[in-house]
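> Okay, predicted coordinates and the sequence, questions at the end:
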Amino acid sequence: MDASSQSTDTTGSFTAAAWDRIAPIMAEIEVLPLLTRLSDGTLPPEVFRHYILQDALYLKHYARCLAIVAAKAPDNAQVLRFLGSAQKAITVEQGLHAGFLTQFGISSDDVTSAEPSPACFAYTNFLLATAYHSSYAVALSAILPCFWIYWHVGEAIKNRPAIAGNAFQAWINTYGDPQFAAGAREVIALTDIAARAASPVERAQMTDVFVRASQYEWMFWDSAWRLETWPV
Ligand SMILES: Cc1ncc(CN)c(N)n1
């Protein structure tokens, strides 16, 4: 599936070029065992438990990154648009997490006391550092893969034949939901607006952080599949 098949006309835009740049990463994401096994319902529960617990930690930091990016927006209209799409994404995902945490026997104490995996720690720290220290345009580009890649993956899995009794169906429904797609589309559009106002140097930084965040998306799923913990 390419960017345009998701009915966002990004032709010739910054985001279309950025999406092309991550094509090799997307090809690797599409064959990740965690996602293929989630899609056919055969993912071992301990892997999903690890993933969803790490994801709860991730989203806690991600929500703060979104707030920082919103605060950097150049005008009130963009602050409000960005906060709206961020709020939409967080609310949808919080609903999903609440259901899964219960389904997989994870308490709020487990979430509070959990240690981030190396991949989760690296990704969230990269996003927080970029949000704090970079311009609005660069920070926005760093947080975009989180929306866009999940939208892409959710859409691709949703379009496969549904497996009766798939324990992970709610995950597929959330990221395949038109509401999630709408939030992602808005952030893509805002990123293109920011890119048009950015200098060439800033646009190069935007591409760099977009690629780096996409690499971290791959690493996050891969690390959960390996039940990654700190080696020492
Ligand atoms: C690691 C990660 N990346 C992205 C998403 C989708 N917002 C997520 N839930 N978790």
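Noted; the coordinates are in hand.
> could you dump stretch 75-86 to CSV, C-alpha only?
Taking Å, rounded to 0.1, in the frame of the first residue of the first chain, the C-alpha atoms of stretch 75-86 are listed here in CSV:
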residue,chain,number,x,y,z
ASP,A,75,-0.4,30.2,15.3
ASN,A,76,-3.5,29.5,17.4
ALA,A,77,-5.3,27.8,14.5
GLN,A,78,-2.5,25.2,14.3
VAL,A,79,-2.3,24.8,18.1
LEU,A,80,-6.0,24.0,18.1
ARG,A,81,-5.9,21.7,15.1
PHE,A,82,-2.9,19.9,16.5
LEU,A,83,-4.4,19.5,20.0
GLY,A,84,-7.6,18.2,18.4
SER,A,85,-6.0,15.5,16.4
ALA,A,86,-3.6,14.6,19.3
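> Quick one: residues in contact with it.
Contact with stretch 75-86 is made by 63, 66-67, 69-71, 73, 140, 182-183, 186-187, 190, 193, as judged by Cβ atoms under 8 Å, 6 or more residues apart in numbering. Heads up, the C-betas are built off the backbone N, CA and C, glycines and all.
> Give the ChimeraX command for selecting the buried subset of those.
To isolate the buried subset of the contacts of stretch 75-86 in ChimeraX, counting by 16 or more other Cβ atoms under 10 Å, use the following:
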select :66,69,70,73,140,183,186,187,190,193
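> any idea which of the contacts of stretch 75-86 is the one closest to residue 88?
Among the contacts of stretch 75-86, residue 183 lies closest to residue 88 (Cβ to Cβ), at 4.5 Å.
> I figured the closest one was touching residue 93, is that so?
No - Residue 183 lies out of contact with residue 93 (Cβ atoms under 8 Å); the separation is 9.9 Å.
> If I look at residue 6, what pLDDT would I see?
Per-residue pLDDT puts residue 6 at 52.
> try residue 106
Looking at residue 106, its pLDDT is 89.
> In three-state terms, label residue 230 for me.
coil (DSSP: H, G, I helix; E, B strand; the rest coil).
> Please give me every residue in contact with it.
Counted by Cβ under 8 Å, 6+ apart, residue 230 has contacts 115, 117-118.
> Just the buried ones from the residues you listed?
The neighbour-count test (16+ other Cβ under 10 Å) marks residue 117 as buried among the contacts of residue 230.
> Nearest to the ligand, out of the contacts of residue 230: which one, please.
Of all the contacts of residue 230, the ligand sits closest to residue 117, with 10.8 Å by Cβ to the nearest ligand atom.
> Nearest spatial neighbour of that closest one, chain-adjacent residues omitted?
Nearest residue to residue 117 in three dimensions, chain neighbours excluded: residue 228, at 4.7 Å (Cβ to Cβ, 6 or more residues apart in numbering).
> how near is residue 19 to the ligand?
When distances are taken as Cβ to the nearest ligand atom, to the nearest Å, residue 19 and the ligand turn out to be 16 Å apart.
> Also residue 130?
15 Å.
> Kindly report the same for residue 16.
Residue 16 sits at a distance of 21 Å from the ligand (criterion: Cβ to the nearest ligand atom).
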